[in-house]
Structure formats: structure tokens, C-alpha cells
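Enquirer: any chance you could fold what I've pasted below:
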Amino acid sequence: MSPATEAPALLRVEDLEVAFRVPGGEVVASRGVSLEARAGETLGLVGESGSGKSVLCRAVLRLLPRPAASVRRGKILFDGTDLLGLPEPRMREIRGADIAMVFQNPMTSLSPVWPLGDQITEGLRLHRGLSRKAAREAGIALMQATGIPEPARRYDDYPWQWSGGMLQRAVIAMAMACSPRLLLADEPTTALDVTIQEQILALLSELQAAKGMALVLVSHDIGVVAETCDRIAVMYAGTVVETGPAAEVLANPRHPYTLGLMGSRPDMDGDDRRLRPIPGQPPDLARRSPGCPFADRCVFVSDECCCTWTACACGFPGPDRWWTSSRASRPAPSRPCAT
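Expert: The predicted structure is shown next:
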């Protein structure tokens, strides 16, 4: 057992439910989400787009759009303190200092009219009270630590002068400025080529190991989290369907959605390199029907799946059967149970 596994949870989310008001009703984007991350550990949060990963990260930082979004129940405990109960001035002290986030698109995280060096060091001046000169020196060191070449010369550059990979390094430097204890990285390799993706993931791993922080890595690519993370939480339709040590989840998945994600990634080392996408589309959360939200896409769907969504009720036979089964070879379930 690794030291990270033995350590108490730095972040603990308990039974979290987040709802968004929309015309004609509401959408429950997170439903009963529970997970935890420990200091020195990398937790991979994986699932298709729209599964609730980014909503969860924003809920941790209390950055959900108001008044459209609200937390209807649950707790978000950071080092034992429920963040949901803190006054906003205290949360502003925590954001960027104790908890930081690398947002999905660096171009939307950075001001186009403000020098990058000043943006990277804004947190240092706000939380640490550094002078402009001291912040510049610290910023140059941060840029160098995150692999930005010639940081002293590039300190006064603007975002439009940098490539996508370089901008991703800039937002990582910004997030790491105050040495946070918890870093939320929301799809940090989106829109980057494979080589740059590998560099960014290696950089995050190096920083995580050097600082001993907890890292939550959000991705839609289960291959990325398999290579990077100590533990994995699989999200689908706003809920965590499976969680556990990465090696265990990948070797013996307990939910058909997890195996579907694994099958959607080609095996470049094996003889069969065909892509096997999960059939269908994720459910419309505004029109959620009773039963398991994965039932319409699952090859093992049964009558019980149409009534129970809190657990996998389909009798999932294990990883060896996913692609040898098909919906056509199984009897269709009867109509969903009435609620």
C-alpha cells in the first residue's frame, strides 16, 4: 500500500447533488456523487463529455454559475472542513492558494490584453503579498519549472504569441504559483497533439510528486488516466458508477460502462485493433427516465435495469463477454417500471 493510500482523504465529496435550472424545469448534473482524493495521490475522473466531471470540479471550488446552478445536498470536505458552509471571503482565500484548477481551454482562462507573466503571478501578489519585482522573479522561476523556454524574455508576451501547448504550460504555472495542496486538472490535454499531451501529463506528474499534492485529473480518455493515475472514478450521467485502484478497475471492471470505455480505445499491441464504440448516446439529463441511465446503451440490459439505477443490476458477466454479446442476441426488456 502506497503512502498516498494510507493517508487520510484531503478531499472528500459525500452524496453531492447539483442541479441547473433550465427553461421548463431543471437538470440534475451531479446525483449522489461520492469520492475522495488523498495527498500525494492522483485520482483520475473519467467519462464521456457531459458526464458531470467539470461540474464536480467547479462545485469543489464553488464556481458554479449562479443563480442557475445550486447544490441541493451533500458535502465537500477539504481537510475536514465543509467548503459549502464557508463564507465567500474565506473561499476566496482558499481558491488559488490551497485549491487550484487548470481549466479545460487555456484561451478562455487567460486575458488576451494582459501579459502572461503578470497573469501567472497574480495569485502570488494576491495570496502572498509579493511586490511586483518579487512576483516577477518568482514568475520567471515558475515558467522555467513548467518548461517554458527563455522565461525572462517571454514574461511580457501576450497569449496570442504562444502555441496551445505553451499556453497550457502557462495555466499550469499559474495554478501552481501558490503551491496548492489540491490541483484540479480539467482535460489539460484537450486539443493538443499526442507528443505535447505526453509532455503535459509528465509535467503534472512531476509537479505532483515534487509538491506531494493531491491531483484530480479529469479526462474522457481512459487510456490517459490508466497511465497516470493511482485510482480511477468513472462517471456517467452525473453519477460515479465505479471507483477503485486504477490497476484493479482496469483489470476487473465491475460496470459495463467502464468496459465500454476500455473497448473504445484501440489495442495497438494486440492483433485486433478495431475501434468498438459504445452504441448510442449519453442520456438527456433533462428527460431522465427511471432505471439505470446506461440501460439504453448496455448489451446486458435486463428488466431490473429499468427499475434500479443506484447499482448495476444487469448481471454484467465480466470483461470477457462485452464484445461477444450484442443487443440483438438478447431479449429486449419489457417496459420500464412505473414510478
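Enquirer: now P89: which helix or strand?
Expert: For P89, the element it lies in under DSSP states H and E is helix 88-94.
Enquirer: can you give me the helices in the chain?
Expert: With helices called from DSSP state H, the chain shows them at 3-6, 53-60, 88-94, 106-109, 116-120, 122-127, 132-145, 151-154, 164-176, 194-211, 222-228, 246-251, 256-263.
Enquirer: let's have these in TSV, adding mean pLDDT.
Expert: Conversion of the helices of the chain to TSV gives the following (pLDDT from 0 to 100):
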stretch	mean pLDDT
helix 3-6	57
helix 53-60	96
helix 88-94	96
helix 106-109	88
helix 116-120	97
helix 122-127	94
helix 132-145	96
helix 151-154	97
helix 164-176	94
helix 194-211	91
helix 222-228	89
helix 246-251	93
helix 256-263	89
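Enquirer: surely M91 meets L83?
Expert: Yes - the criterion here is C-beta atoms under 8 Å, and M91 meets it with L83 at 6.8 Å. C-beta: built from backbone N, CA, C; applies to glycine.
Enquirer: so what sits against both of the two?
Expert: Counting by C-beta atoms under 8 Å, 6 or more residues apart in numbering, the contacts common to M91 and L83 are R62.
Enquirer: between those two, which is the more surrounded one?
Expert: L83 (21 against 15; other C-beta atoms under 10 Å).
Enquirer: the more buried one - nearest residue in space that isn't next to it in sequence?
Expert: I76 (4.6 Å; C-beta to C-beta, 6 or more residues apart in numbering).
Enquirer: again, but for L35
Expert: Nearest non-adjacent residue to L35, counting by C-beta to C-beta, 6+ apart: A233, 4.8 Å away.
Enquirer: quick one: contacts of the helix holding P89?
Expert: The contact list for helix 88-94, computed with C-beta under 8 Å, 6+ apart, reads 61-62, 78, 83, 86, 127.
Enquirer: and that helix, which residues are buried?
Expert: Residues of helix 88-94 classed as buried by neighbour count (16 or more other C-beta atoms under 10 Å): I94.
Enquirer: can you pull the alpha-carbon coordinates of that helix into PDB?
Expert: The C-alpha coordinates for helix 88-94 follow below in PDB (Å, rounded to 0.1, in the frame of the first residue of the first chain):
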ATOM      1  CA  GLU A  88     -17.400  33.700   0.300                       C
ATOM      2  CA  PRO A  89     -14.400  35.800   1.600                       C
ATOM      3  CA  ARG A  90     -12.900  32.600   3.200                       C
ATOM      4  CA  MET A  91     -13.400  30.700  -0.100                       C
ATOM      5  CA  ARG A  92     -11.600  33.400  -2.000                       C
ATOM      6  CA  GLU A  93      -8.600  32.800   0.300                       C
ATOM      7  CA  ILE A  94      -8.700  29.100  -0.500                       C
END
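Enquirer: before we move on, the earlier item: could you export the helices of the chain as CSV, including distance to G291?
Expert: Conversion of the helices of the chain to CSV gives the following (distance: least, C-beta to C-beta, whole Å):
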stretch, distance to G291
helix 3-6, 34
helix 53-60, 22
helix 88-94, 37
helix 106-109, 37
helix 116-120, 47
helix 122-127, 45
helix 132-145, 49
helix 151-154, 54
helix 164-176, 40
helix 194-211, 37
helix 222-228, 25
helix 246-251, 24
helix 256-263, 14
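Enquirer: tell me the centre residue of the chain?
Expert: Centroid-nearest residue in the chain, with C-alpha atoms, centre = their mean: V218, separated by 2.4 Å.
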